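Asks: Let's see this in three dimensions:
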Amino acid sequence: MSIRPEADAARAALAGLVGDGLSDEKICAASAAAIWSTLVEPGDGTAGALIAQYGAVEALQRVEVDSTSALARGAGLTEQDVSAARARWLPRRGDVDRALAAARRAGARLLMPGEDVWPRALDDLGVHAPVCLWARGDADALSGPAALALVGARAATAYGTQVVTELAAEAATAGVVVVSGAAYGIDAAAHRGALRADGTTVAVLAGGVDRPYPSGHDELISAIVRTGVVLAEVPCGTAPTKWRFLARNRMIAALAGATIVVEAAHRSGALNTAHHAAALGRALGAVPGPVTSVIWVLSRG
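Replies: Numbering: from 1, shown residues only. The predicted structure is shown next:
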C-alpha cells in the first residue's frame, strides 16, 4: 500500500477490517490510520501533533514531501523532533501490507476515532492518544456505561488474587467493564473474575492482538475475545517490548474511570498505570498485600 492512501486501493486493502459503506473520505482516513500504526511507536507525540494539525491523511502526505522545517513550523514542533521522527518512521513504510494480512488472518477489526464504538476516554491522552485500535472480539464492549481498571503484581499472593477476583466479579455484576492487561497474577485474576460473573472485560495488549501474550494465557485471551474485546494500538504481527508495555499502561488508565492497583511493587508496571491514572485525573485506589508478603515490603519502599 502506498503511504498516500487512495480510496479504491484503500477499500481493497481494508476489506474485512472495517465496516462496509464507508465514504471515500472515511476509507482514506482509515487507511492512513492503519499506515500510521505501522510507522510509529505507541504514544508518539510528534506523530500525534502532526495528525492533530493536519489529519491522518494529509499528515502522511506531508511527512513524505514537505521539508523538515515546514513540517515543524506547521505543527509547532522543533526541526530536531521532526527529523528524528522521520528517521524512525520512513524505514517502516513497507510494513503495512504484512500487518493488514496478519490482521485479516486473525479476524481483527480496525477501529477509528469518531466511530460509535471508539472509546472517547482515550482522547484525554491528547497527542499521545492512539491513532487507531486493532480489536478482536465485540467492540461494543467499549461502549459500556462505566469501566474499572484492575492491575497489579504478576507474582500475586493468594490474598491479592482473591481480592481482585471478588472486585472484578462485583464490578462486572453491576455492569461495569473490567479493564486489565492480561498479564500473569492480578491481571489474569481480574479478567477471570469478570468472566465468571458473566460480565464484560477488556484486555489491552502490548503486542499485536494476533499474538496472545503471555503465551500461557492463550486460552484466557480467547475467552475474552468470545465475550469482550482484546485491544492493541500496535498492528498485528508486532511483538511486545518493555517500552510497549509501559506505553500500553496509559491506555488502560485512560479507558477506565477508576484504577485500583493490587499488590504492586515499588517499580512495577502497575504503579506506572497508577501514575497515568493520576495524571489523567482518574479516581485511584490501592489494595496493599498482606504484611507478610515481600511485595508489601517492597511497595512500602
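Asks: From the contact counts, what lies against the helix or strand Val163 falls within?
Replies: Using DSSP states H and E, Val163 maps to helix 158-173. Applying 3 or more Cβ pairs under 8 Å, 6 or more residues apart in numbering; DSSP states H and E, one finds that helix 158-173 makes contact with strand 147-152, strand 177-180, helix 186-196, strand 258-262, strand 283-287. C-beta coordinates here come from the backbone N, C-alpha and C atoms, glycine included.
Asks: Show me the helices in the stretch 101-250 of the chain, by range?
Replies: For the stretch 101-250 of the chain, the helices defined by DSSP state H, counting those that start in this stretch occupy 158-173, 186-196, 218-227, 242-255.
Asks: And the contacts of the helix holding Val163?
Replies: 148, 150, 152-153, 156, 178, 185-186, 189-194, 196-201, 260, 262-263, 287, 289-290, 293, 295 (Cβ atoms under 8 Å, 6 or more residues apart in numbering).
Asks: The helix or strand in which Glu64 is found: which residues count as buried?
Replies: Element membership for Glu64, per DSSP H and E: helix 56-65. Residues of helix 56-65 classed as buried by neighbour count (16 or more other Cβ atoms under 10 Å): 56-57, 59-60, 62-63.
Asks: could I get these as CSV with pLDDT and distance to Glu41?
Replies: Formatted as CSV, the buried residues of helix 56-65 follow (pLDDT from 0 to 100; distance: Cβ to Cβ, whole Å):
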residue, pLDDT, distance to Glu41
Ala56, 96, 16
Val57, 95, 21
Ala59, 96, 16
Leu60, 94, 17
Arg62, 94, 20
Val63, 93, 15
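Asks: of all those, which comes closest to Val18?
Replies: Val18 lies nearest to Ala56 out of the buried residues of helix 56-65, by Cβ to Cβ, at 13.8 Å.
Asks: How about that closest one, nearest residue that isn't a chain neighbour?
Replies: Spatially, and ignoring its direct neighbours in sequence, Ala56 is nearest to Ala32 (3.8 Å; Cβ to Cβ, 6 or more residues apart in numbering).
Asks: Same list as before, the helices and strands packed on helix 158-173 that is, but in TSV and with distance to Gly43 included.
Replies: Formatted as TSV, these follow (distance: least, Cβ to Cβ, whole Å):
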stretch	distance to Gly43
strand 147-152	17
strand 177-180	18
helix 186-196	20
strand 258-262	18
strand 283-287	20
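Asks: Can I get the ones you listed in CSV including mean neighbour count, mean pLDDT and distance to Asp97?
Replies: CSV is the format used below for those (neighbours: other Cβ atoms under 10 Å; pLDDT from 0 to 100; distance: least, Cβ to Cβ, whole Å):
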stretch, mean neighbour count, mean pLDDT, distance to Asp97
strand 147-152, 29, 97, 34
strand 177-180, 29, 98, 31
helix 186-196, 26, 98, 33
strand 258-262, 24, 96, 37
strand 283-287, 15, 94, 42
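Asks: Pick the most buried one from the helices of the stretch 101-250 of the chain.
Replies: Each of the helices of the stretch 101-250 of the chain was scored by mean neighbour count; the highest is helix 186-196, a mean of 26, by mean count of other Cβ atoms under 10 Å.
Asks: Show me what it is packed up against.
Replies: Using 3+ Cβ pairs under 8 Å, 6+ apart, helix 186-196 sits against strand 147-152, helix 158-173, strand 177-180, strand 201-204, helix 218-227.
Asks: Could you check the angle the second one makes with strand 258-262?
Replies: With axes from the mean of the first three to the mean of the last three Cα atoms, to 10 degrees applied, the angle from helix 158-173 to strand 258-262 works out at 160 degrees.
Asks: Restricting to C-alpha, output helix 158-173 in CSV.
Replies: The C-alpha trace of helix 158-173 is given here as CSV (Å, rounded to 0.1, in the frame of the first residue of the first chain):
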residue,chain,number,x,y,z
ALA,A,158,-3.4,-15.8,47.2
TYR,A,159,-4.8,-12.9,49.2
GLY,A,160,-4.4,-10.4,46.3
THR,A,161,-5.8,-12.9,43.8
GLN,A,162,-8.9,-13.4,46.0
VAL,A,163,-9.4,-9.7,46.5
VAL,A,164,-9.1,-8.8,42.8
THR,A,165,-11.3,-11.7,41.7
GLU,A,166,-14.0,-10.5,44.0
LEU,A,167,-13.6,-6.9,43.0
ALA,A,168,-13.9,-7.8,39.3
ALA,A,169,-16.9,-10.1,39.8
GLU,A,170,-18.8,-7.4,41.8
ALA,A,171,-18.0,-4.7,39.2
ALA,A,172,-19.0,-7.0,36.3
THR,A,173,-22.2,-7.9,38.0
